[in-house]
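Peer 1: next one to model:
(chains A and B)
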Amino acid sequence: MAEEEQSLITDEHRALIGQKTDPVQVTITEEHATRMRDVLEDSDPRWADGTGVAAPYAIASFGGRPSRNMPFILPNGLLTQQEWRFTRPFRIGEELTAVSSVVDIRERLGGRYGHSVLVTSSVDYYDADGKHVAAALSTLTQFDPKRATKEGGQ
Amino acid sequence: MTQRYFEDVNVDDEVDPVEKMPTADLAIDFFGRNNPMNPAFADAEHGKRLGVGGVLVPGMLKIAWMVQYVNDWAGPESQLGSIRVAYRRPDVADRPLVLSGRVVDKRDEEGKKLVELEVVTLAEGEPSVRGNVQVELPSRS
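Peer 2: The predicted structure is shown next:
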């Protein structure tokens, strides 16, 4: 007889939804911007040397990671959804203010990861004038690899 | 790199496919050798513990390639608005990925000439990442 699955999400976890973290200062450095561009062999003139502009994917140097207040309910996690939005291009060396929050926490029974928890978090980036520059939204699927195997995951 | 104009784009236009080879070295260099990152991006044993079967290709490397792919297609006067992706299954390093894309919508929104593309990465012919990218193109007029 199958055991009834207990929810892994507590009231404490739910209370995190919508709470914004304290602002953090972040900067896309020339080293990060140049390295990422060169690794991708990206010859786009908009972010060539001397332009002072970073390619949009330079957001990965700080922005794709989950929110700092994201709860870790299960031991492993894989990024399963991601969104980047850009209001304007990044300037190399510009200090931005990052504010992150947990957007949603839900769980899923069955499938590749067995009983998993999906945590969606967002980070918004603002310039010195308080104007929006970019945002990153990501969903981390948290799972226990032992349960994923036992429950027939791939 | 050539410029694409809003008037020249039609729904169902296809973007020429591009092949990428994700290696562990490339992933490490993308994030920076001295920067923290998921050990599964460099170590096959960590990847196996995640159920991946080898060195895991970082999602952020794949989304960065998708951004580059659309920017290359759109041209230097375009403006990327957003990219939204679903990582449908993990990719393992040293297996080629083919990026492929198609225009799914074009519209004028308060004077902005917006084009939306569906972009996928294909591993052995099967989609591993599906994405939607919105880009603003210049007008000829």
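
Peer 1: tell me, how many residues neighbour the residue of chain B found nearest chain A?
Peer 2: Using CB to the nearest CB, B:Ala64 is the residue of chain B that sits closest to chain A, at 3.6 Å. No exception for glycine: its C-beta is placed from N, CA and C like everyone else's. By the criterion of other CB atoms under 10 Å in any protein chain shown, B:Ala64 has 26 neighbours.

Peer 1: and it, what helix or strand is that in?
Peer 2: B:Ala64 belongs to helix B:59-74 when assigned by DSSP states H and E.

Peer 1: and that helix, how far out from the chain's middle?
Peer 2: When distances are taken as CA atoms, centre = their mean, to the nearest Å, helix B:59-74 is centred 4 Å away from the chain's centroid.

Peer 1: next structured bit after the longest strand belonging to chain A?
Peer 2: If you go by DSSP state E, chain A has its longest strand at strand A:95-108. Next helix or strand after strand A:95-108 toward the C-terminus (DSSP H and E): strand A:116-126.

Peer 1: mind listing what the residue nearest the centre of chain B touches?
Peer 2: When CA atoms, centre = their mean is applied to chain B, the residue found nearest the centroid is B:Met66 (1.5 Å). If a contact means CB atoms under 8 Å, 6 or more residues apart in numbering or on different chains, then B:Met66 has B:Ile83, B:Val85, B:Leu99, B:Val119, B:Thr121, B:Val129, B:Gly131, B:Val133 as its contacts.

Peer 1: make JSON lines out of those and add distance to chain A and secondary structure.
Peer 2: Shown next, in JSON lines, are the contacts of B:Met66 (distance: CB to the nearest CB, whole Å; DSSP: H, G, I helix; E, B strand; the rest coil):
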{"residue": "B:Ile83", "distance to chain A": "5", "secondary structure": "strand"}
{"residue": "B:Val85", "distance to chain A": "5", "secondary structure": "strand"}
{"residue": "B:Leu99", "distance to chain A": "12", "secondary structure": "strand"}
{"residue": "B:Val119", "distance to chain A": "13", "secondary structure": "strand"}
{"residue": "B:Thr121", "distance to chain A": "13", "secondary structure": "strand"}
{"residue": "B:Val129", "distance to chain A": "9", "secondary structure": "strand"}
{"residue": "B:Gly131", "distance to chain A": "9", "secondary structure": "strand"}
{"residue": "B:Val133", "distance to chain A": "10", "secondary structure": "strand"}
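
Peer 1: now render these as TSV, adding pLDDT, distance to A:Pro45 and neighbour count.
Peer 2: Converted to TSV, the contacts of B:Met66 look like this (pLDDT from 0 to 100; distance: CB to CB, whole Å; neighbours: other CB atoms under 10 Å in any protein chain shown):
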residue	pLDDT	distance to A:Pro45	neighbour count
B:Ile83	98	21	24
B:Val85	98	26	24
B:Leu99	98	21	22
B:Val119	98	22	24
B:Thr121	98	26	26
B:Val129	97	27	24
B:Gly131	98	24	25
B:Val133	98	20	26
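
Peer 1: give me the contacts around the helix or strand of chain B with the lowest mean pLDDT.
Peer 2: Across the helices and strands of chain B, mean confidence by mean pLDDT, DSSP states H and E is lowest for helix B:44-49: a mean of 85. The set of residues external to helix B:44-49 that reach it, using CB under 8 Å, 6+ apart, is A:Asn76, A:Pro145, B:Asn38, B:Pro39, B:Ala40, B:Gly53, B:Gly54, B:Val55, B:Leu56, B:Val92.

Peer 1: please repeat the previous calculation with a cut-off of 10 Å.
Peer 2: By CB atoms under 10 Å, 6 or more residues apart in numbering or on different chains, the list of residues contacting helix B:44-49 from outside reads A:75-76, A:145, B:24, B:38-41, B:43, B:52-57, B:90, B:92-93.

Peer 1: same question for stretch B:1-8.
Peer 2: Contacts to stretch B:1-8, defined as CB under 10 Å, 6+ apart, come from residues A:43-46, B:13, B:71-78, B:106-108, B:112-115, B:135-141.

Peer 1: give me the nearest residue to A:Phe143, chain neighbours excluded.
Peer 2: Using CB to CB, 6 or more residues apart in numbering or on different chains and skipping the chain neighbours, the partner closest in space to A:Phe143 is A:Tyr113 (3.7 Å).

Peer 1: tell me how many other residues crowd the one you found.
Peer 2: 26.

Peer 1: pLDDT weak spots in chain A?
Peer 2: Counting by pLDDT under 70, the ranges of chain A that qualify are A:1-4, A:63-68, A:148-154.
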